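# Okay, sequence plus prediction incoming.
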Amino acid sequence: MCPNVSASFIWNAREVMSNVGQGALYIASDTKTPSSLSHTPAELSSDDDFEPARQLIRNRSMRIRRQPARYRHSEDGSDTAANLAVVHDEQEEKKEDVTMPDINANIRTYPVEYVRSPYGEGWTHLEDYDIFCHEPEVENDPELTFTSSIEEPDVTAMLESHLGSIMVDPGLGQQCITVRRSCIFKDGVAWMRRTNFNPLQQLCVTFVGEGGVDEGGPRREFLQMMFHGLATSSLFQGEEGRGIPTSNLSSLHKREYFFAGQTCGMILCQGGPPPKFLSPLILEYIQKGCRGEDCMPSVVDVPRLDIRAELQRISSAEILGTLEENDTTQVIRDECEMYQPLSVFTAGDFVKVAVQYYTVIRNKAQLDQFISGLQVYSLEKLVKECPANMKALLTNANPATLEPDDLYNTFEPSFSDEGSNARAEEEAAMFSWMMFLQDCASNIGICKLEDVLAFATGARHRPPCGYGVQPTISFSGASPLPSASTCAVQLVLPTGLGEEKFNDKMTEGILGALGFGSA
């Protein structure tokens, strides 16, 4: 195809993209090709069916800003640029049809590969996507391709967008459950096993023997307890914050790993604390398409302490053939089926094979079942699209430390009128409150900052999407003990106490709260 335009016509992005959509971009120029380039220009032919060979002569200064366009796949289903149909706006202005003068032109073609969007099917059509063409620096210049450099969204924005696409509107119904505090994890899994349980509806939790209506507080407390039960269950092994599934065939047959994955997704998507107990290896395994041979686990992920210590000893050996073998070394060789003499291995290869066996290959069926449970909330897709954000939510790679100032600023105090006697007592209570938080952070006393946060909100860690309301502090002189509404996220501080008595009563009230309705 040869466009019919005048020699003075100025090309913009829309016209260029129209020609690109036909399969190739043709540029006419009087400039001779530098002799240093080995490519031979193709001459213009009068034969309409002639298509010049695609030559990779690229202009360093060429930069095209792509304008909005709508793309669709061709009828034969092909994904190549040559078969891609470009649909322009119906109201596009018609350009003046002027015949191009006959000049001795050199024809160059620039192959273009369209980039698939990482956030869904089809071709990307971002307005700000740039196309760069570079002059080849070597004779065998590799094929020019384009990749997306889209940054991951904020963790909160990412999760809110994901929840908006999968969760059922609470106004259309809730999933009500009743559980016992003494068997919280067992009861929670029992509900998930029921065929009429809808995991995508918002939970409404009632604890047996306790009154009240769940407006957020009981749900957060339930999810916090489910998180603790999951992280400490026999389904996971390894160091704290680096949990991987155990190789338990009985639990695999009962699909317990599936419900462990569903529980992990439920905690994250129902407003609970980030379940930061998984090993980064699990996320890498998902990113690699569940191909264990492509993963590069670390020795610290090996759950058995004796095996881990032996692998660390082997990795430090300079010559493996001179290493003294012991019973643990023989166990590793037998279980990994490495029967050759040690002298045929390097220390790195031996350790790599053993680590992959004890962390991935041995537990592959359990890993796959756990990941299928994550898919109930479409978390596998989210791990592939936003790996850094999901690593921050599911692993303890970057632990967040709760600070006194953060907790102090989380709550907004509701003061009386300035100049009143009540206002003076309330300001004194706020000062005592800050001193109390400092003592909790400094391990002075037995109360921790996480205990304070759980007392006021129902969870020991902040939910990634917040509480839904602004946490507040109010004041009361009716009781020397603090109280809290975890649904409204409201903390009531006592007034009229000295700093020392204030600390004692706060500790007594926080650690003495047994559950919903008693705080």
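Structure received. Numbers count the residues shown, from 1 in each chain.
# Show the contacting residues for residue 475.
Residues counted as contacts of residue 475 (C-beta atoms under 8 Å, 6 or more residues apart in numbering) are 413, 414, 416, 422, 425, 426, 429, 492, 493, 494, 495. Using the backbone N, CA and C atoms, a C-beta is placed for each residue, glycine as well.
# Using the three-state scheme, assign it.
Following DSSP: H, G, I helix; E, B strand; the rest coil, residue 475 is assigned to strand.
# can you give me the helices for the stretch 201-350 of the chain?
Taking DSSP state H, counting those that start in this stretch, the helices of the stretch 201-350 of the chain run over residues 217-231, 249-253, 256-269, 280-287, 305-315, 327-335, 347-356.
# hmm, back to that, of the contacts of residue 475, grab the buried ones for ChimeraX.
This is the ChimeraX syntax for the buried subset of these, where burial follows 16 or more other C-beta atoms under 10 Å:
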select :413,425,426,429,492,493,494,495
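# Just say which of the helices of the stretch 201-350 of the chain is most tucked in.
Among the helices of the stretch 201-350 of the chain, helix 256-269 has the highest mean neighbour count (mean count of other C-beta atoms under 10 Å), at a mean of 24.
# Which strands and helices lie in contact with that one?
Applying 3 or more C-beta pairs under 8 Å, 6 or more residues apart in numbering; DSSP states H and E, we find helix 256-269 packed against helix 155-166, helix 184-193, helix 217-231, helix 364-374, helix 379-385, helix 387-394.
# Can you name the residues in contact with the shortest one?
Yep, that's helix 379-385 we're talking about. Under C-beta under 8 Å, 6+ apart, the answer for helix 379-385 is 118-119, 158, 162, 264-265, 268, 283, 286-287, 371, 374, 390.
# same thing but at 10 Å, please
118-120, 150, 152-153, 158-159, 161-162, 166, 261-262, 264-265, 268-269, 282-290, 371-375, 389-391, 393-394 (C-beta atoms under 10 Å, 6 or more residues apart in numbering).
# May I see the buried residues of that helix?
Under the neighbour-count criterion of 16+ other C-beta under 10 Å, helix 379-385 has 379, 380, 382, 383, 385 buried.
# again with stretch 190-197
So stretch 190-197, judged by 16+ other C-beta under 10 Å, has buried residues 191, 192.
# Rounded mean pLDDT for that stretch, please.
If you average the pLDDT over stretch 190-197, you get 94.
# Which single one of the contacts of residue 475 is nearest to residue 440?
residue 493 (14.5 Å; C-beta to C-beta).
# SS state for the closest one?
At residue 493, secondary structure determined by three-state DSSP is strand.
# same question, residue 433
Assignment for residue 433 (three-state DSSP): helix.
# Kindly provide the distance from the nearest residue to it once chain neighbours are set aside to residue 462.
Using C-beta to C-beta, 6 or more residues apart in numbering and skipping the chain neighbours, the partner closest in space to residue 433 is residue 493 (5.9 Å). Noted for residue 493: a distance of 20 Å to residue 462, by C-beta to C-beta, to the nearest Å.
# How about residue 227?
13 Å.
# Quick check: neighbours shared by the two?
What both residue 227 and residue 462 touch, as defined by C-beta under 10 Å, 6+ apart, is the set 273, 274.
# Need the helices of the stretch 201-350 of the chain in TSV (columns: mean pLDDT and distance to residue 239).
Shown next, in TSV, are the helices of the stretch 201-350 of the chain (pLDDT from 0 to 100; distance: least, C-beta to C-beta, whole Å):
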stretch	mean pLDDT	distance to residue 239
helix 217-231	92	12
helix 249-253	94	21
helix 256-269	95	18
helix 280-287	89	12
helix 305-315	89	9
helix 327-335	88	19
helix 347-356	88	14
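# Please convert those helices to a markdown table, extending it with distance to residue 295.
Putting these into a markdown table (distance: least, C-beta to C-beta, whole Å) gives the following:
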| stretch | distance to residue 295 |
| --- | --- |
| helix 217-231 | 22 |
| helix 249-253 | 20 |
| helix 256-269 | 18 |
| helix 280-287 | 5 |
| helix 305-315 | 16 |
| helix 327-335 | 18 |
| helix 347-356 | 7 |
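# who wins for proximity to residue 190 among these?
Residue 190 lies closest to helix 256-269 among those, at 9.6 Å (C-beta to C-beta).
# Also compute the angle for the closest one relative to helix 184-193, please.
Per axes from the mean of the first three to the mean of the last three C-alpha atoms, to 10 degrees, the angle that helix 256-269 makes with helix 184-193 is 100 degrees.
# CA atoms only: put helix 256-269 into PDB for me.
Provided in PDB are the C-alpha atoms of helix 256-269 (Å, rounded to 0.1, in the frame of the first residue of the first chain):
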ATOM      1  CA  GLU A 256      -7.500 -29.300  53.600                       C
ATOM      2  CA  TYR A 257      -4.800 -27.400  51.600                       C
ATOM      3  CA  PHE A 258      -7.600 -26.100  49.300                       C
ATOM      4  CA  PHE A 259      -9.500 -24.700  52.200                       C
ATOM      5  CA  ALA A 260      -6.200 -23.300  53.600                       C
ATOM      6  CA  GLY A 261      -5.800 -21.300  50.400                       C
ATOM      7  CA  GLN A 262      -9.400 -20.200  50.500                       C
ATOM      8  CA  THR A 263      -9.000 -19.100  54.100                       C
ATOM      9  CA  CYS A 264      -5.900 -17.100  53.100                       C
ATOM     10  CA  GLY A 265      -7.900 -15.400  50.400                       C
ATOM     11  CA  MET A 266     -10.900 -14.800  52.700                       C
ATOM     12  CA  ILE A 267      -8.700 -13.100  55.400                       C
ATOM     13  CA  LEU A 268      -7.300 -10.700  52.800                       C
ATOM     14  CA  CYS A 269     -10.500 -10.000  50.800                       C
END
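# So what angle separates the directions of that helix and helix 280-287?
Helix 256-269 runs at 100 degrees relative to helix 280-287, counting by the same axes, to 10 degrees.
# Contact partners for the residue lying closest to residue 258 once chain neighbours are set aside?
Using C-beta to C-beta, 6+ apart and skipping residues adjacent in sequence, the residue nearest residue 258 is residue 373, 4.2 Å away. Residue 373 makes contacts with 192, 255-266, 379-380, as judged by C-beta under 10 Å, 6+ apart.
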